[in-house]
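Undergrad: here is a sequence together with a model predicted from it:
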Amino acid sequence: MKILSLSMLAGASMMLVSEGVWAEQYLPEIASKAPYKKAYAEMLSYPDWVSKAQGTASPVETVSADGKRFTVGHMCKPHDCADNQLIVVFNADGTKSWGLLATRPAEGEAFSKQLLGDPDSVVQGLLNKSFADNNPED
């Protein structure tokens, strides 16, 4: 029984030491080291149809909002438009863009929406309107 108690105490001590070491690490440190580095990069990457702008698309539109002109485009994943969409808004001279990436895990489920580029409320309105126009049933 004494050996069992010592084993349990040693195990508990190792857990405490392990947790203490872990508490002293920070996200920038672990995100730059294996195995975290790969997982972190995968989290920030987008599918090729998004990152390479190689999706199925409709013609872009020029719209006005809040006294400014914008170009709005809609694109979706080839052969899976119903569940994977990207709306992009460019400023008038094309030097700034914002997006709304909308994906859903299965047909009939709600979209998960991710804003890209930190859009203000005017641009968010354009993104949401374009999404709604292209998804009248959602």
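TA: Great, that's in hand. Residues are numbered from 1 along each chain as shown.

Undergrad: break the chain down into its structural domains.
TA: Taking automatic domain parsing as the reference, the chain has its domains at 2-44, 48-134.

Undergrad: for the first one, the averaged confidence score.
TA: Think domain 2-44. Domain 2-44 shows a mean pLDDT of 71 in the predicted model.

Undergrad: do stretch 86-98 as well
TA: The average pLDDT within stretch 86-98 is 97.

Undergrad: can you give me the end-to-end span of that stretch?
TA: 10 Å (Cα to Cα, to the nearest Å).

Undergrad: that stretch: which residues count as buried?
TA: Under the neighbour-count criterion of 16 or more other Cβ atoms under 10 Å, stretch 86-98 has Leu86, Ile87, Val88, Val89, Phe90, Ser97, Trp98 buried. Using the backbone N, CA and C atoms, a C-beta is placed for each residue, glycine as well.

Undergrad: contacting residues around that stretch?
TA: Contacts to stretch 86-98, defined as Cβ atoms under 8 Å, 6 or more residues apart in numbering, come from residues 50, 55, 68-76, 99-102, 115-119, 123, 126-127, 130-131, 134.

Undergrad: what segments of this protein are helices?
TA: 2-23, 27-30, 36-44, 48-51, 121-134 (DSSP state H).

Undergrad: any idea how far the fourth one is from the middle of the chain?
TA: Its chain's average C-alpha position is 12 Å from that of helix 48-51, according to Cα atoms, centre = their mean, to the nearest Å.

Undergrad: other SSEs contacting that helix?
TA: Contact here means 3 or more Cβ pairs under 8 Å, 6 or more residues apart in numbering; DSSP states H and E; on that basis helix 48-51 packs against no helix or strand.

Undergrad: let's see it at 10 Å
TA: Counting contacts by 3 or more Cβ pairs under 10 Å, 6 or more residues apart in numbering; DSSP states H and E, helix 48-51 is packed against strand 68-76, strand 84-91, strand 97-103.
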